[in-house]
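Asks: My questions concern the predicted model and sequence given below.
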Amino acid sequence: MKIPATLQHKPVVVSENYERVDGRLARSTDAKGLSLGLAQWNDSEKATLTAKVWRTAGKSWSSQSEELPLHRVLDLSILLCRSLAHFREAYRYEHLYDPQEPVIDRVALQGDAMTVAICTDNESIHEDIQLFSRALSNDDEMISERLRTLSRILKDMGY
């Protein structure tokens, strides 16, 4: 399916074969494409750049397709990387985190810091963190491949 260019999100750069590379869901996913473009809520004064995951519900585009501002995509990447770093050493804790200090990190961003922490408000955190850790371990090869690729691209760009 071609990503529509006539809807409110205006794609500029696309990956229309995403269903072939969507991790463990490859070839059986409803996520058919990714795009970078102009936000659906743009006004004529200022363009907001966004990333969008295009999902299908059979033959039509799904309302579950999601558009994110680019800084949020990067913030999610930061959250993921700090979480991966935590879980590499989490075996040291009985519950895979220190209940007395659930904050993993504070990442400085534009005058403040993004807190990365274990969600202690989750009533099932002890079970859920075990499942999360196992899933990270199971997906390590796939995640690592993407992180190595991202690292190489960032180095090529001078970061």
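Replies: On my side now, so go ahead.

Asks: Quick check: end-to-end length of stretch 116-123?
Replies: End-to-end distance for stretch 116-123: 18 Å, by CA to CA, to the nearest Å.

Asks: and that stretch, how far from the chain's centre?
Replies: With CA atoms, centre = their mean, to the nearest Å as the basis, the distance from the averaged C-alpha position of stretch 116-123 to the chain average is 19 Å.

Asks: And stretch 49-59, by the same measure?
Replies: Averaging C-alpha coordinates over stretch 49-59 and over its chain gives two centres that are 14 Å apart (CA atoms, centre = their mean).

Asks: next one: stretch 69-89
Replies: Between the mean C-alpha point of stretch 69-89 and the mean C-alpha point of its chain there is a distance of 8 Å (CA atoms, centre = their mean).

Asks: got a list of contacts for it?
Replies: With contacts defined as CB atoms under 8 Å, 6 or more residues apart in numbering, stretch 69-89 is touched by 36, 39, 48-51, 68, 96-97, 104-105, 107, 109, 114, 116, 132-133, 136, 143, 147, 150. Heads up, the C-betas are built off the backbone N, CA and C, glycines and all.

Asks: could I get the lowest-mean-pLDDT helix or strand in the chain in CSV with only the CA atoms?
Replies: Taking all helices and strands of the chain together, the one with the lowest average confidence (mean pLDDT, DSSP states H and E) is strand 10-15, at a mean of 85. Written as CSV, here are the backbone C-alpha positions of strand 10-15 (Å, rounded to 0.1, in the frame of the first residue of the first chain):
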residue,chain,number,x,y,z
LYS,A,10,1.9,15.5,4.7
PRO,A,11,4.7,12.9,4.1
VAL,A,12,8.0,14.2,2.8
VAL,A,13,10.3,11.1,3.4
VAL,A,14,8.8,7.7,3.5
SER,A,15,9.5,4.0,4.1
